[in-house]
Each structure stands twice: as C-alpha cells, then as structure tokens.
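Trainee: For reference, the sequence and a predicted model appear below.
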Amino acid sequence: MTLRTSEIPGFYKLSVEERRKVVREWAGLTEEEARVYEFPPGIDPGILSRMIENVIGAFALPLGIATNFQVNGKEYLIPMAIEEPSVVAAASNAAKLARARGGFQAQATDPVMIGQIQILDVADPAGARFRILGAKAALLAAANAKDPMLVRFGGGARDLSVRILSTPRGTMLVAHLLVDARDAGGMNAVNTMCEALAPEVARLAGGRAVLRIISNLAVERLARATATFPAELLKTDSATGPEVVEAILDAYALAVADPFRAATHNKGIMNGVSAVVLATGNDFRAIESGAHTYAAYRAEDGGVVRPLTTYEKNASGDLVGTIELPTAVGLIGGATAVHPTAKANVKLLRLTGGAQELAQVIAAVGLAQNFAALRALATEGIQRGHMELHARNIAAMAGARPDEVDRVVERLIAEHAIRIDRAREIVEEMRRSAPA
Ligand code: MEV
C-alpha cells in the first residue's frame, strides 16, 4: 500500500492538466468523473488559472436571470449566480409587484472605503490623537501620492479620524483613513495607502503600527433602495391584500425584536445580494461580512442584530419596504474585470453609472428577495415554491424521461411525498399502464 501525502512539492508549478492528473490519481477518479474539471466552452482556461493558485478546473453554479426589475426608472435583467431553488423566481415576482408603483427607488453614497491603522504602545492616547489629526492634510496628500490614477478618476483619500479603543491588551489607537474608491472595490488602493501612512502615523503617536488593512464594515459606502408593494396585489387564495400587509408587518416585527429571526431574515436578503455580487465577480465574503456586522452595528442598543430592511404601511394601506446596507462592489480590478462570465454579466446590466449604480441594483434585489420571503412566510409558507423545482430534480433522478417529468412532479406534490423511492414507483406505474 502506498502511503499518501498531501505534501506535493512544486504542485503550483504544474500545468492545469498535470495537476488534474495528480488529483485524479489521488482520488481514484475515473476519466468520466474527472471530466467535470474541464473548463466550460467560452472560458479561456488561461484567465481562470491566473486568477487563483493551483487551479484544476471551474466550479459552475447555475446562473439565472431575474426579470421585471425597474430601478430609478431604468429596466434591468439581473444576473444571479446561486445554487438555491426559488430565489430567482421570488426576486422576479417581487420586482413585478413593485413595478405597479414605479419599481425601486435607489441611491448610493459616495463609494468611500475605510482603512485601519492600528497603533500600539502609545503613552498619551488623547495627545497622540490630536497630533495625528493635526497632520491630516499632509497625511492625506501622502496617501493620494500613492495612487495618482485613482485621484485622476475623481477618487482618493478624503478624510482621517482617530479612535481610542479599550482592548483586552490595553489601550490602542486606530486611525481610519477614508478613501473614495470610485469604481474599484478599493481593497488594493486602501491597503497600499494605509501601509504607506503607517510609519508616519506611528511616529506622530509615539507608538508602533501593526495592522494596516481595509475594514469590511463599509459604513461610508452604503446603498439604499425602497419600493411600495400595492396591498391589492398581495392577496392570496386565503387572505385579502390588507391582511397580507398586516401579516408581513408582524413577520418583520419579529425580526426587529429577535436576533434568531433577524439572522434568517437577513439571510434571505443576502440570497439576492450575494447572487448578484457573485455573478458580477465581486468579493461576496466582503459584502456578507459587512452586511452582517452592519446589521448589529447600527442597532442603537449595540450588539443586537437587526434586520437590514424596514417595513411600514403607508397612508393608502400599501406596504413600503426599505433597505440600507454597505455595498463595496467594484467594476474595475478584481474578478469583475477579468472573469469572462462576470464581464458578460456586467454588460448585461447595462450600467452607465458605475459601481454606485451596481450597488443600487444590488440593494433593490436584496429588498425584492426579502419582501418575497416575508410574503411567502406570512401567507402560505415557504415550502410550496421550493417544492416544484425540488420535485423536478427528484423526478429526473428517478429516471423520468422529459415527457414524463411533469406528470411525476404533479403526483409527487399532490401526495406530499417528494421522495426518490416514490418517484421511482410512479415512473414504473406510468410505464406499466402506458408503455412507451
Ligand atoms: C431561505 O434561503 C431564506 C428564508 O429563510 C428567508 C426568511 O426566512 O426570511 C426564506
């Protein structure tokens, strides 16, 4: 028996083909099984293999298009990359309801990111803070000298603030450098500027600088969206429109009062947000982390997670939803500029207003997604919508032919038995009674 080790010297130097061979042998994959690692047509393998290290293939998620979106009067087809059924349909449906009152109204703040410089071993934190603030103009100029391109495009370092923090390791200073990143995500620009300023900030403070890094709590780079969902369009088989408005407000109230519900409420928002962020090649971990921290940060009583959306009933009895969340997405740099599918998706969005417009669209999708989830939860429950696609998958797995799938799905749903064993029985029954 050969002893296997994951220590593979020079793995990173191998070609994609050679790495695939190593992995195939390691895992005992058949040629057929290993075929999943092949790059899809239309994707230049060179691009993907330069994006990250040790590439062996591409991981394909379904890419769906949400329809019906109107944001600030402009029409959008929205690319969404996500593995979960119902999300794209729910967003499209919510956007259709919002259209009746003019769609989504959205705005975005200037795309200002925050970089942090941590200063330790400061004898006089309050005095040090004043010394750093006193040198603000020179520090901002030094930061901007690091990125003349960004300055030329209208961005650059805008402001500097200093916080004094009590930590388990004593008092620390944290300088915040505010940088307008324009259409970039901003990570490289901000990190470079923080690294450049740190020695001078530490000298002024009389301490030493350690961390110099962007903050994903992008409270200065927010996107906001609102929409009105007409009560009369919300009725279901068993509830009137005004009753549905009340039920959604009750569902929302639980998210305000209870972090256990708020976490799930916000997860539903991120179903939409992350799917667009991913489809446009942006850093979805940064957006997720920022959104979840923001949901706690902006709570006035501190430390309690709150919903990222609000819901109210307006004077006409319609439901008004709003959303506000940090949306540090870019269009230049990062995967957005190199990944072929991300590039096509950005083109599909027909953006003319840069990264801020993308941020507004993302906020609108987040609100649509949340509204759709609340409407389903507050009325018939969430499962019905999920079930059809699930049943389709089960029917296909049970061997139903394309011409049999619809009938199998219908019976699985009617019997409330969406299981593969039952699907196999139904297929057999059908074939026995009507052989092909
Ligand atoms: C499922 O992915 C998302 C929901 O749980 C969100 C919610 O409960 O609001 C339906």
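Mentor: Ah, there it is.
Trainee: and residue 69, helix, strand or coil?
Mentor: Three-state assignment for residue 69 (DSSP: H, G, I helix; E, B strand; the rest coil): strand.
Trainee: what bridges to it?
Mentor: Using DSSP bridges, the beta-bridge partners of residue 69 come out as residue 76.
Trainee: Tell me who's in contact with it.
Mentor: By C-beta atoms under 8 Å, 6 or more residues apart in numbering, the contact list for residue 69 reads 75-78, 91-92, 95, 103-104, 361, 364-365, 368. Quick note: C-beta positions are derived from backbone N, CA and C, even for glycine.
Trainee: Let's have the residues you listed in TSV, adding neighbour count, pLDDT and distance to the ligand.
Mentor: Below are those laid out as TSV (neighbours: other C-beta atoms under 10 Å; pLDDT from 0 to 100; distance: C-beta to the nearest ligand atom, whole Å):
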residue	neighbour count	pLDDT	distance to the ligand
75	12	98	27
76	23	98	22
77	14	98	22
78	28	98	17
91	31	98	12
92	20	98	16
95	27	98	17
103	24	98	22
104	29	98	19
361	28	98	20
364	32	98	17
365	31	98	14
368	32	98	13
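Trainee: can I get these in CSV with secondary structure and distance to residue 8?
Mentor: Below are the contacts of residue 69 laid out as CSV (DSSP: H, G, I helix; E, B strand; the rest coil; distance: C-beta to C-beta, whole Å):
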residue, secondary structure, distance to residue 8
75, strand, 50
76, strand, 45
77, strand, 44
78, strand, 41
91, helix, 43
92, helix, 46
95, helix, 48
103, coil, 53
104, strand, 50
361, helix, 43
364, helix, 46
365, helix, 41
368, helix, 46
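Trainee: Just put the residues you listed in a markdown table and tack on distance to residue 276.
Mentor: A markdown table is the format used below for these (distance: C-beta to C-beta, whole Å):
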| residue | distance to residue 276 |
| --- | --- |
| 75 | 16 |
| 76 | 10 |
| 77 | 11 |
| 78 | 6 |
| 91 | 9 |
| 92 | 13 |
| 95 | 13 |
| 103 | 16 |
| 104 | 13 |
| 361 | 7 |
| 364 | 10 |
| 365 | 5 |
| 368 | 11 |
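Trainee: which one of these is nearest residue 150?
Mentor: Nearest to residue 150 among the contacts of residue 69: residue 361, at 23.4 Å, using C-beta to C-beta.
Trainee: ok now do the closest residue to the closest one other than its chain neighbours, which residues does it touch?
Mentor: In space, and not counting its chain neighbours, residue 361 is closest to residue 71: 5.5 Å by C-beta to C-beta, 6 or more residues apart in numbering. By C-beta under 8 Å, 6+ apart, residue 71 lies in contact with 103, 104, 105, 106, 225, 360, 361, 364.
Trainee: if we go to 6 Å?
Mentor: Counting by C-beta atoms under 6 Å, 6 or more residues apart in numbering, residue 71 makes contact with 104, 106, 360, 361, 364.
Trainee: ok, now residue 234?
Mentor: For residue 234, the contacting residues are 241, 244, by C-beta under 6 Å, 6+ apart.
Trainee: again with residue 160
Mentor: 136, 139, 177.
Trainee: what about 10 Å?
Mentor: By C-beta atoms under 10 Å, 6 or more residues apart in numbering, the contact set of residue 160 is 115, 117, 132-133, 135-137, 139-140, 143, 175-178, 197, 201.
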